[in-house]
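Peer 1: What follows is a predicted protein model with its sequence.
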Amino acid sequence: MAAVLPRSFFDRLAEEVAPDLLGCVLTRTTAEGVVSVRLTEVEAYAGPRDPASHAYRGPTKRNEVMFGPPGHAYVYFTYGMHFCVNLVCLGEGTAAAVLLRAGEIVEGRELAAARRPRSSARDLARGPARLCEALAIDRELSGTDVCDPASPLRVSAGSPASSFRTGPRTGVSSAKDVPWRFWIDGDPSVSPYRLHTPRRRTVIDQG
C-alpha cells in the first residue's frame, strides 16, 4: 500500500499542487468496503486572489475549512443535489484548494458501480459529482485529514501522469479564462469541458 501524501505536499499554491495530484490515488473507506480512484482531472482555486474561488470574499461558515491547515478535505453541496470534494492547500489562515474533477476507479469497482448503477465503467467517477457519489463522499467528510493513514478519506502517491494538459476551468463565470484545469492527456475518464451557462430565472407577471 502506498504511503499517504505528506502535509508538506499540500502546503503550496493550489496551482502548483493541482498538476502533481494527477495520477495520485484517493481512497474512501466505509462499512461497505473500500473504493479508490486514480485522479485524472483537477482544478485549482486560489482563494482571495481568485474571483472564481469560494473563499474570494473571505471566510464563511461554508468555506471555513479552506482557511484551516493544508491536507484536509473541503466538501460542499451544489445545485441542491450534488457534493464536490476539494483538497485544501497553503498554510492555516490562508485559503486555496484543488477541486477533484474526475478519475478512474482502481479499487472497489463493484461497490462504485452499485452506487452508480446506470453508469458505464468510464463514467463511474467522470465529473466531480459522480466522483463523490462513487466514493460516498458527503459533507460529513468536510474537514477530514487526507494525510492521516487511518482517515476514511486519504490520498496516496500513485503513478505520475506521463503527460497532461491545461486549460480554462469548467463552468465558472468569473476568471473563466484562467488555465487552472489540469487533466491527463487522452484519459477516457476526463470529463468534457463546459462553458458557464447562466441559470435562467423565471419571471412571474405581477400584473
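Peer 2: Here it is on my side, so go on.

Peer 1: can you give me the helices for the chain?
Peer 2: Secondary structure of the chain (DSSP state H): helices at 7-10, 14-21, 109-115, 128-134.

Peer 1: and those helices as JSON lines, adding mean neighbour count?
Peer 2: Using the backbone N, CA and C atoms, a C-beta is placed for each residue, glycine as well. Formatted as JSON lines, the helices of the chain follow (neighbours: other C-beta atoms under 10 Å):
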{"stretch": "helix 7-10", "mean neighbour count": "18"}
{"stretch": "helix 14-21", "mean neighbour count": "22"}
{"stretch": "helix 109-115", "mean neighbour count": "16"}
{"stretch": "helix 128-134", "mean neighbour count": "23"}
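
Peer 1: Make a markdown table out of those helices and add mean pLDDT and distance to P48.
Peer 2: What follows is those, written out as a markdown table (pLDDT from 0 to 100; distance: least, C-beta to C-beta, whole Å):
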| stretch | mean pLDDT | distance to P48 |
| --- | --- | --- |
| helix 7-10 | 97 | 18 |
| helix 14-21 | 96 | 12 |
| helix 109-115 | 97 | 36 |
| helix 128-134 | 97 | 22 |
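
Peer 1: G68: which of these is closest?
Peer 2: Ranking the helices of the chain by proximity to G68 (C-beta to C-beta) places helix 7-10 first, at 11.3 Å.

Peer 1: helices or strands next to the closest one in the packing?
Peer 2: helix 14-21 (3 or more C-beta pairs under 8 Å, 6 or more residues apart in numbering; DSSP states H and E).

Peer 1: Which strands border the longest strand along the chain, and is each parallel or antiparallel?
Peer 2: Ranked by residue count and defined by DSSP state E, the top strand of the chain is strand 33-45. Taking DSSP bridges as the criterion, strand 33-45 forms sheet pairs with strand 25-30 (antiparallel), strand 97-107 (antiparallel), strand 181-184 (antiparallel).

Peer 1: so for that strand, what's the average pLDDT?
Peer 2: In this model, strand 33-45 carries a mean pLDDT of 97.

Peer 1: Which positions within that strand qualify as buried?
Peer 2: Using 16 or more other C-beta atoms under 10 Å as the test for burial, strand 33-45 gives 35-45.

Peer 1: then it to CSV, C-alphas only?
Peer 2: What follows is strand 33-45, C-alpha atoms only, in CSV (Å, rounded to 0.1, in the frame of the first residue of the first chain):
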residue,chain,number,x,y,z
GLY,A,33,-15.8,-1.5,1.7
VAL,A,34,-13.1,0.4,0.0
VAL,A,35,-13.2,2.4,-3.2
SER,A,36,-10.1,4.1,-4.7
VAL,A,37,-9.8,6.4,-7.7
ARG,A,38,-6.8,7.4,-9.7
LEU,A,39,-7.1,11.2,-10.2
THR,A,40,-7.2,12.2,-13.9
GLU,A,41,-8.6,15.7,-13.8
VAL,A,42,-8.4,18.6,-11.2
GLU,A,43,-8.9,22.3,-11.0
ALA,A,44,-7.0,24.9,-8.8
TYR,A,45,-8.7,27.7,-6.9
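
Peer 1: Once you drop chain neighbours, what's closest to the residue most central in space within the chain?
Peer 2: The residue lying closest to the centre of the chain (C-alpha atoms, centre = their mean) is L100, at 2.0 Å. Leaving aside its chain neighbours, L100 sits nearest to V85 (5.3 Å; criterion: C-beta to C-beta, 6 or more residues apart in numbering).
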